[in-house]
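Asker: Fold the following and give me the result.
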Amino acid sequence: MPSKKSKITGKKITVGKKTQTNVQTATSALTQIKDRFIALKKVRAKLASVKSLYVQHNELMTELMPLFIEVKADEIIIKREIKIGSTKYRFTPFFYDEKKGTVVPKVWKSTAFESGSIE
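Answerer: Model prediction:
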């Protein structure tokens, strides 16, 4: 490969053959788009099959959340932790920010049940 010296920096510049760029044809571009639509259909099918799990999750959360909530005449007490036997269960509410110590109007989570999580 021939080399040249740059007039500005004085460093050697290596000059080589140009590499061929991969030119995409219209048919290959359409094939890629069609493949993406097929992949989208597959993802939607998987999401539809998981939908029943979200329903079960909501039912279980609805049944278990009252264990963490105590209602009195003038107050509602939310327990963060309950102990059943030797196992502890934690409730993490999404409507309360522990770091700021404030109630949050709505937190957008990608869960089926937005009130909180039980661990």
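
Asker: Phi first, then psi, for the closest residue to I78 other than its chain neighbours.
Answerer: Leaving aside its sequence neighbours, I78 sits nearest to I69 (C-beta to C-beta, 6 or more residues apart in numbering; 5.6 Å). C-beta here means a position set from N, CA and C on the backbone, and glycine is covered the same way. Per-residue torsions, I69: phi -120, psi 130 (degrees, to the nearest 10).

Asker: Surely I69 is in contact with I77?
Answerer: Yes - counting by C-beta atoms under 8 Å, I69 does reach I77; the two are 7.3 Å apart.

Asker: ok, now which ones touch the residue nearest to I78?
Answerer: 76-79 (C-beta atoms under 8 Å, 6 or more residues apart in numbering).

Asker: tell me the pLDDT at it?
Answerer: We have a pLDDT of 88 for I69.

Asker: Just the strands from the protein, written as ranges.
Answerer: 3-5, 12-14, 69-71, 76-78, 81-84, 87-93, 96-97, 102-103, 116-118 (DSSP state E).

Asker: For this protein, just list every one of the helices.
Answerer: Counting by DSSP state H, one finds helices in the chain at the ranges 26-64.

Asker: pLDDT weak spots in it?
Answerer: 1-24, 106-114 (pLDDT under 70).

Asker: so how many other residues sit close to G116?
Answerer: 21 (other C-beta atoms under 10 Å).

Asker: got it, and M61?
Answerer: Neighbours of M61 (other C-beta under 10 Å): 18.
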